[in-house]
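Undergrad: just coords:
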């Protein structure tokens, strides 16, 4: 998994990316813009840590937030869709999860939900990284999101 490979593929194919992040706090946007020339693929990133930000910046439904909670595939789906629609990007990835410490029986520490919106549709998934500690969960989520982007760009 390499951001350089993602940049190369996106540049060749003319693909653009947007991010919508919660628990990673902009880490995906940061790693995507670390390389010179990244403006060829990266349009913008939204850090929507609060539910209010998810609603106002990305258009996540209050009904969805109440029914499923912020850490859910339903919210990840709406975050990705909102980022793609509002940015005009070809691909948008979203991340919402519980980095820790803490969590609950139903939503444990290390659970992260991802959304991926493209011109072909929307996919979501949940990954339980486990109680690795806040920093490691956030890094694992960042790396997983970049891997999702790379696979999507290659397709």
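TA: Nice, I can see it. Predicted model only: the values in this text are computed from it and were never measured.
Undergrad: Stretch 111-119: which residues count as buried?
TA: For stretch 111-119, a neighbour-count test (16 or more other C-beta atoms under 10 Å) marks 111, 112, 113, 114, 115, 116, 117, 118 as buried. C-betas here are computed from N, CA, C, even on glycine.
Undergrad: The first one and residue 128 touch, don't they?
TA: By that I understand residue 111. Yes - the criterion here is C-beta atoms under 8 Å, and residue 111 meets it with residue 128 at 5.2 Å.
Undergrad: Leaving out sequence neighbours, find the closest residue to residue 61.
TA: residue 78 (6.3 Å; C-beta to C-beta, 6 or more residues apart in numbering).
Undergrad: residues touching that neighbour, list them.
TA: 54, 58, 59, 60, 61, 64, 115 (C-beta atoms under 8 Å, 6 or more residues apart in numbering).
Undergrad: Widest-spaced pair of those residues?
TA: Farthest apart among the contacts of residue 78 by C-beta to C-beta are 61 and 115. That separation is 13.8 Å.
Undergrad: Could I get the buried residue list for the helix or strand hosting residue 30?
TA: Element membership for residue 30, per DSSP states H and E: helix 27-32. Residues 27, 28, 29, 31, 32 are the ones in helix 27-32 that count as buried (16+ other C-beta under 10 Å).
Undergrad: can you put these in JSON lines and add pLDDT?
TA: Output for these, formatted as JSON lines (pLDDT from 0 to 100):
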{"residue": "27", "pLDDT": "98"}
{"residue": "28", "pLDDT": "98"}
{"residue": "29", "pLDDT": "98"}
{"residue": "31", "pLDDT": "97"}
{"residue": "32", "pLDDT": "97"}
